[in-house]
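Q: okay, predicted coordinates and the sequence, questions at the end:
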Amino acid sequence: MIQTLEIVEGTKLPQPLAGQAAFFKDWTTRYVALSGGWGSGKTFVGARSFLDCVTYNSYGADGSLTHCGGAIIGATYRDTVTIAVRELLTAADERGLCFKFNTQMGEVFLPDLELTIYVRSAQAPETIRGFQAPLIWMDEAASFQGSPESPSNDTFIQAMGRMRHPLAKMVQLRVTTTPEGDGTRYHKLFYTGNPDFKVYTTTTIENTELPEEMREGLGKNLSTELYNQYILGMPLASGQGLIYSAFNRTEHVEVTQPLSGVPFLLAFDFNIEPGMHGLLVQFKENNFYVLREFYARRASVVELCGMIHEMLPDVPMFQVYGDATGRSEWSGIGKSNYYILQETMSKLGHRLSLRVPKANPQVQDRVNAMNSALRSVDGHTNLYIDPSCTELIEDFEQMSWTELGGITQYDKKRSHSSDALGYLVNAIRPCRPAINRSGYFGYC
């Protein structure tokens, strides 16, 4: 019989909060998850509960070391190291355990227990093999891609195949994650009613370790549906519904005129077919105003610049947002889309201030930012579109989710205009906050 962990109040070790305690103590369910909002302390409790389970498993009935280790899997290797492993090593330091972390090999060695914890990424499921790990901790597993139809590329299948060791007293997969809708691989595993899978829930507002203004601020730009998911930890039902379900022509489409004294913003999505897409936007008092759309089938960057100049020949400066892949050089000409954009606009008498990141945000983050601008949790509308922007309006009205949570691709004309606006909205008014995570690397 596996003993469950007793939480002793008053100890010097950090204690789980009320919403985390049931997950912390569950050592018997084979596949157990903690679903929680942003900043709800999921990774904090995940690291400590995993380490306590590993410690329990490291000793046999006669007190001898079993050398039963485990594995940690995150969405990317960088996230696994900088978030999950960092928290694990902080927990080890709290418990007086020495550790050595080999970043190149992806291994954390605990010399006191004579065992290894393997560090892996869901982006490379082929590396989750060749070792035994009776205990596995997955952090942010709702973002893991995969399908049972392709076992070698499915992180969950590969991980479950490692969950064994002849001397292990317990075998368990522990998951901590923010939900990402009901179309994810994680959701389809854990929300089936199978008694081997159990989900506990914790919320952002329960985490009193966060400053009150942060707890209140995390959800201020969210729609009601996204608030339930990212603050209360309740998966959003997406199914095959519209991606931008909050959009309504009566509410969001109105004739917009340039605002005096407000900077002009340009948003771009680059494609040869059906063509380059550009939007002219202004942002004032938390509201986005989409003034014009620049698009023609198979239009080039140079042609798009001509359209912009024709409408606003006397504007000296534009702020530019858009697709990060536009930074890549085109083969044969050695110039990127943004280089061509700056070069052409400069010849036309316009200066540009590029606000383009090195990499694009996750699709879900971009979509969430747009939905929250369409309607926030308090019912406010923060996005207004001129009726001339027909491609953008059709995106909002027609784009839908697939059954697996992807975006339908039956019409190649769709998504490009809304993608362009999504890059801008997410850059200026993101849903996902940047949470400062404490912790440090140290060696005994």
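A: Perfect, I can see it now.
Q: and the helices in the protein?
A: Assignment of helices within the chain using DSSP state H yields the ranges 18-25, 42-57, 77-79, 86-94, 155-160, 185-190, 212-217, 224-230, 249-252, 301-311, 337-347, 363-374, 390-398, 416-428.
Q: and those helices, which one's lowest on average pLDDT?
A: In terms of average pLDDT, helix 212-217 trails the rest of those, at a mean of 70.
Q: re the thing from before, out of the helices of the chain, which is closest to G70?
A: Evaluated over the helices of the chain, closeness to G70 peaks at helix 42-57, with 5.1 Å, by CB to CB. Every C-beta, even on glycine, is put in place using the N, C-alpha and C of the backbone.
Q: starting at the chain centroid, how far to that closest one?
A: 23 Å (CA atoms, centre = their mean, to the nearest Å).
Q: go on, stretch 257-270?
A: For stretch 257-270 - counting by CA atoms, centre = their mean - the centre lies 28 Å from the chain centre.
Q: T80 reaches R120, doesn't it?
A: Yes: using CB atoms under 8 Å, T80 is in contact with R120, at 7.1 Å.
Q: need the helices of the chain in JSON lines (columns: distance to F318 and mean neighbour count).
A: Shown next, in JSON lines, are the helices of the chain (distance: least, CB to CB, whole Å; neighbours: other CB atoms under 10 Å):
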{"stretch": "helix 18-25", "distance to F318": "47", "mean neighbour count": "19"}
{"stretch": "helix 42-57", "distance to F318": "40", "mean neighbour count": "23"}
{"stretch": "helix 77-79", "distance to F318": "33", "mean neighbour count": "16"}
{"stretch": "helix 86-94", "distance to F318": "40", "mean neighbour count": "21"}
{"stretch": "helix 155-160", "distance to F318": "42", "mean neighbour count": "21"}
{"stretch": "helix 185-190", "distance to F318": "41", "mean neighbour count": "21"}
{"stretch": "helix 212-217", "distance to F318": "30", "mean neighbour count": "13"}
{"stretch": "helix 224-230", "distance to F318": "30", "mean neighbour count": "21"}
{"stretch": "helix 249-252", "distance to F318": "24", "mean neighbour count": "13"}
{"stretch": "helix 301-311", "distance to F318": "8", "mean neighbour count": "18"}
{"stretch": "helix 337-347", "distance to F318": "7", "mean neighbour count": "18"}
{"stretch": "helix 363-374", "distance to F318": "21", "mean neighbour count": "23"}
{"stretch": "helix 390-398", "distance to F318": "18", "mean neighbour count": "19"}
{"stretch": "helix 416-428", "distance to F318": "12", "mean neighbour count": "25"}
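Q: ok, which of those comes nearest Y384?
A: Per CB to CB, nearest to Y384 of the helices of the chain: helix 249-252, 6.2 Å.
Q: which secondary structure elements does that closest one contact?
A: strand 383-385, helix 390-398 (3 or more CB pairs under 8 Å, 6 or more residues apart in numbering; DSSP states H and E).
Q: residues in contact with the shortest one?
A: If I follow you right, that is strand 383-385. The contact list for strand 383-385, computed with CB atoms under 8 Å, 6 or more residues apart in numbering, reads 252-254, 256, 287-290, 370, 373-374, 392-393, 425.
Q: what about 10 Å?
A: Strand 383-385 has contacts (CB atoms under 10 Å, 6 or more residues apart in numbering) with 244, 246-247, 249, 251-256, 279, 281-282, 287-291, 293, 370-375, 392-393, 396, 421, 425, 429.
Q: same check on the last one?
A: Surrounding helix 390-398, the residues in contact under the criterion CB under 10 Å, 6+ apart are 242-249, 252-253, 274-275, 277, 279, 290, 293-295, 370, 374, 383, 385-387, 389, 408, 410-411, 413-422.
Q: could you write me a PyMOL select line covering just the buried ones among those residues?
A: Buried subset of the contacts of helix 390-398, written as a PyMOL selection, criterion 16 or more other CB atoms under 10 Å:
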select buried, resi 243+244+245+246+247+252+253+274+275+277+279+290+293+294+295+370+374+383+385+386+389+413+414+415+416+417+418+419+420+421+422
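Q: torsion angles phi and psi at G130?
A: Dihedral pair for G130: phi 80, psi 10, per degrees, to the nearest 10.
Q: that one: how many residues sit nearby?
A: Residues lying near G130 (other CB atoms under 10 Å) number 7.
Q: returning to what we had before: and the helices and strands packed on helix 249-252: which comes nearest E126?
A: Nearest to E126, of those and by CB to CB, is helix 390-398 at 35.9 Å.
Q: now the angle from the closest one to helix 416-428?
A: 90 degrees (axes from the mean of the first three to the mean of the last three CA atoms, to 10 degrees).
Q: got any ranges where the stretch 251-400 of the chain has weak pLDDT?
A: 272-274, 329-334 (pLDDT under 70).
Q: switch the cut-off to 90
A: Applying pLDDT under 90 to the stretch 251-400 of the chain flags the ranges 256, 269-277, 295-304, 323-337, 357-369, 371-372, 375-380, 395-400.
Q: and the nearest residue to R48 once chain neighbours are set aside, how far from R120?
A: Excluding the flanking residues, the one nearest R48 by CB to CB, 6 or more residues apart in numbering is A91, at 4.6 Å. Distance of A91 to R120, computed by CB to CB, to the nearest Å: 19 Å.
Q: cool, A373 as well?
A: Distance from A373 to R120, by CB to CB: 36 Å.
Q: and the closest residue to E254 other than its chain neighbours, what are its bridge partners?
A: Leaving aside its sequence neighbours, E254 sits nearest to Y384 (CB to CB, 6+ apart; 5.6 Å). Assessed by DSSP bridges, Y384 has beta-bridge partners Y289.
Q: look at Y384 and say how many residues are nearby.
A: 18.
Q: cool, and P179?
A: That count, for P179 with other CB under 10 Å as the rule, works out to 25.
Q: am I right that it is in contact with A142?
A: Yes: if you go by CB atoms under 10 Å, P179 and A142 touch, sitting 5.4 Å apart.
Q: can you list residues touching both of those two?
A: A33, S35, Y186, H187, F190, Q229, P235.
Q: out of the residues you listed, which is nearest to L352?
A: Q229 (36.3 Å).
Q: per-residue confidence for the closest residue to that closest one other than its chain neighbours?
A: Setting aside the residues directly before and after it, Q229 is nearest to L236 in space (CB to CB, 6+ apart), at 4.5 Å. pLDDT, L236: 76.
Q: residue contacts, the residue of the chain most remote from its centre?
A: Distance from the centre of the chain peaks at D62, with 44.5 Å (CA atoms, centre = their mean). Applying CB under 10 Å, 6+ apart to D62 gives no contacts.
Q: so how far is stretch 70-88 from its chain's centroid?
A: Using CA atoms, centre = their mean, the distance between the centre of stretch 70-88 and that of its chain works out at 15 Å.
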